[in-house]
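Student: sequence first, then the predicted structure, then my questions.
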Amino acid sequence: MKKILIIHTGGTIGMFPTERGYAPSKEAFHAALSSIPELSAPAMPAWDLIDMDPLLDSSNIAVNEWNRIGSLIAGHYSLYDGFVVLHGTDTMAYTASALSFMLQNSAKPVILTGSQIPLCELRNDARDNLLTSLLIAADDRVHEVCLYFGGKLLRGNRSMKYSADDLIAFESPNYPSLADVGIDIRYHPSALLPPSGGGFSLQPFENVPIGVIKVFPGIQFELFDAVMTERLRGIVIETFGAGNIPGSEKALLPIIRKATENGTVMVICSQCPHGTVTLGAYETSVTLRGAGAVSGYDLTTEAAVAKLYYLFSRGLSGEEIKAGMERNLCGEMTVI
């Protein structure tokens, strides 16, 4: 029998009503799990549960918590066949992206899931998400960090939260689903990563200063000049379309050059969920490439941020980090 470790970080799935709104409760969640007979059905894998302390709303999960989750998986890696991480939906795609880089050469499934409606409610999506995630985590066909939600198994570093209201809350705009769940779990073998040939290791993240700027019509780039200091190690710029920016070069060029001189790695992503960045395809993106920015191709912003943390945490030079940002490392991007 396969054995799965469930790591409960918090989030809606384990919350219960209080006088001040929904809040996590370890004891009540354990009781709710014990009332689900399917969790002990013969077809289910054996499982253990670890609760992080404190349990957190996912809006409060960041680098330190990613390191704690990664350390829990690494510390139990040889004892379990797979892992299920219960997580709030707001930053689940960020955590899934971070773990995909942090857990190097993992040959075991790590499935993040949660719910839009708490498990305690009569009508909820928590039960199916949890049960299906356990079954996927016990399947030998999955060898990567994934996100399962609403009948879709997605590559973790390709996922993004799409809806705050729908039960299908996540999408993978630039990569197909790894499995679709209906009456059966239908895996798509061509989309899955093969098992890694290297040995498993954990790369903790350093909490380096990283920023994100979203370009908008009329943006006054000079306002960001004060941000471009030597402390800022990396920045993701969400541009229009295929990497286009407003043509105010007199304001932007000095800022980009200042960032480059300070050693800041500038990554260009698109505001469009679907599609890829092609620097130089249009005149308005030539400035970025010429000033030293690198293309994020079809990276999600979540994956771009996590990848920057990962590469900086390896102690690489600025040029090595730039080269790494434009190279596919674990299925997170399609390089043109």
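Tutor: Now that the structure is in, tell me what you want to look at.
Student: so what's the gap between stretch 85-94 and the chain middle?
Tutor: 8 Å (Cα atoms, centre = their mean, to the nearest Å).
Student: can you give me the first-to-last residue distance of that stretch?
Tutor: End-to-end distance for stretch 85-94: 13 Å, by Cα to Cα, to the nearest Å.
Student: just stretch 27-44 next, same as before
Tutor: End-to-end distance of stretch 27-44: 23 Å, with Cα to Cα as the criterion.
Student: which stretches of the stretch 201-336 of the chain form helices?
Tutor: 249-261, 283-290, 301-313, 318-325 (DSSP state H, counting those that start in this stretch).
Student: of these, which is nearest Pro195?
Tutor: helix 301-313 (20.7 Å; Cβ to Cβ). Any C-beta I mention is one placed from the backbone N, CA and C, and that applies to glycine too.
Student: tell me how far the closest one is from the chain's mean position?
Tutor: That offset, for helix 301-313, works out to 10 Å (Cα atoms, centre = their mean).
Student: and for stretch 177-192?
Tutor: Averaging C-alpha positions (Cα atoms, centre = their mean) puts stretch 177-192 20 Å from its chain's average.
Student: re earlier: could the helices of the stretch 201-336 of the chain go into JSON lines alongside mean neighbour count?
Tutor: Output for the helices of the stretch 201-336 of the chain, formatted as JSON lines (neighbours: other Cβ atoms under 10 Å):
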{"stretch": "helix 249-261", "mean neighbour count": "16"}
{"stretch": "helix 283-290", "mean neighbour count": "16"}
{"stretch": "helix 301-313", "mean neighbour count": "25"}
{"stretch": "helix 318-325", "mean neighbour count": "17"}
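Student: which one of the ones you listed lies nearest to Arg158?
Tutor: helix 301-313 (7.2 Å).
Student: what lies in contact with that closest one?
Tutor: Applying Cβ atoms under 8 Å, 6 or more residues apart in numbering, the set of residues contacting helix 301-313 from outside is 63, 93-94, 96-98, 100-102, 157-160, 203-206, 208, 210, 212, 233-234, 236, 238, 265, 267, 269, 296, 299, 320-321, 324-325, 329, 332-333.
Student: which stretches of this structure have low pLDDT?
Tutor: Along the chain, the parts satisfying pLDDT under 70 run over 247-253, 283-284.
Student: domain parsing for it?
Tutor: 3-202, 210-325 (automatic domain parsing).
Student: quick revisit: quick one: closest of the helices of the stretch 201-336 of the chain to Ser177.
Tutor: Nearest of the helices of the stretch 201-336 of the chain (Cβ to Cβ): helix 301-313, 16.4 Å.
Student: and Gly211, how far from Glu222?
Tutor: Here the criterion is Cβ to Cβ, to the nearest Å. By it, Gly211 lies 16 Å from Glu222.
Student: same check, this time on Met325
Tutor: Met325 is 26 Å from Glu222, by Cβ to Cβ.
Student: how about Gly243?
Tutor: 21 Å.
Student: so for these two, which sits in the more crowded spot?
Tutor: Gly243 (26 against 13; other Cβ atoms under 10 Å).
Student: the more buried one and Val294 touch, don't they?
Tutor: No - in this structure Gly243 lies outside contact range of Val294 using Cβ atoms under 8 Å: 10.7 Å.
Student: so what sits against both of the two?
Tutor: The contact sets of Gly243 and Val294 overlap at Ile268 (Cβ under 8 Å, 6+ apart).
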